[in-house]
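>>> sharing a model prediction with you, sequence too.
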Amino acid sequence: MAAGACVPVRVCHQEIVRFDLEIKAAVQDIRECPGPLGALAELNAAVKEKFRQLRGRIQELEQMAKEQDKESEKQALLREVENHKKQMLSNQAAWRKANLACKIAIDNSEKDQLLQGRDSLRQRKTTKESLAESASNITESLMSISRMMSQQVQQSEETVQTLANSSRTILEANEEFKSMSGTIQLGRKLITKYNRRELTDKLLIFLALALFLATVLYILKKRLFPFL
């Protein structure tokens, strides 16, 4: 093989394989094309361009094969060129069959649409009546939904009002609790003060009683035992 020819040959192989796969995918798209004919024409134009590029790459590979120094490598490349040409012919045959099948399918579809158009004319009156009835049912449903939404809004307002009243009641109860708590604290202080006062009073009474007894004993002692 000639020096420096490996890269172009490899690149050429890769592009041939890529174009072959793209053509197969495009042929499949044509086979499945639902129409219209304008869309089919666009697909065919794309496939035609892919075939042109593929044909050019095969010719380049064939020219590279003829330029090889070694006869074995030259023959090997020429065999590959023949395989690529056969594959290209096979793709062209598949392309023609796909076009034929697609055109038949589009023709049948257009015929079906014409037949359906006739049937649709007959069904228009019935459809109009059905649409009118459906519109009436929809209007009634919307009115019913509107009434339900109005009731829900009213219930929501009542719920909000109830919550507001409950909140005020809780706040008032909280204020009363605070007031009662202050009263309880005051009562507790008064009871504590009273207990202290009671203890003081008892102590004073005890001291007074002791003083009284001491005085009585002193007087009795002076009168009964003056000599002591």
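Nice, I can see it.

>>> does residue 24 touch residue 91 like I think?
Yes: if you go by CB atoms under 8 Å, residue 24 and residue 91 touch, sitting 6.6 Å apart. C-betas here are computed from N, CA, C, even on glycine.

>>> of these two, who's got more company?
residue 91 (20 against 16; other CB atoms under 10 Å).

>>> let me know the helix or strand that that one is in.
Here residue 91, judged by DSSP states H and E, is contained in helix 71-224.

>>> least trustworthy helix or strand in the protein by mean pLDDT?
helix 71-224 (a mean of 82; mean pLDDT, DSSP states H and E).

>>> how close does the closest residue to residue 40 other than its chain neighbours sit to residue 41?
Leaving aside its sequence neighbours, residue 40 sits nearest to residue 33 (CB to CB, 6 or more residues apart in numbering; 5.3 Å). Distance of residue 33 to residue 41, computed by CB to CB, to the nearest Å: 10 Å.

>>> neighbour-wise, which of those two wins?
More crowded of residue 33 and residue 41, by other CB under 10 Å: residue 33, with 21 against 10.

>>> which pLDDT value goes with the more buried one?
On pLDDT, residue 33 comes in at 88.

>>> ok, now the one 5 residues further on?
Predicted confidence (pLDDT) for residue 38: 89.

>>> where's it relative to residue 45, distance?
Distance from residue 38 to residue 45, by CB to CB: 11 Å.

>>> tally of neighbours for residue 160?
Other residues close to residue 160 by other CB under 10 Å number 10.

>>> so what's it up against?
Shown in contact with residue 160 (CB atoms under 8 Å, 6 or more residues apart in numbering): no residues.
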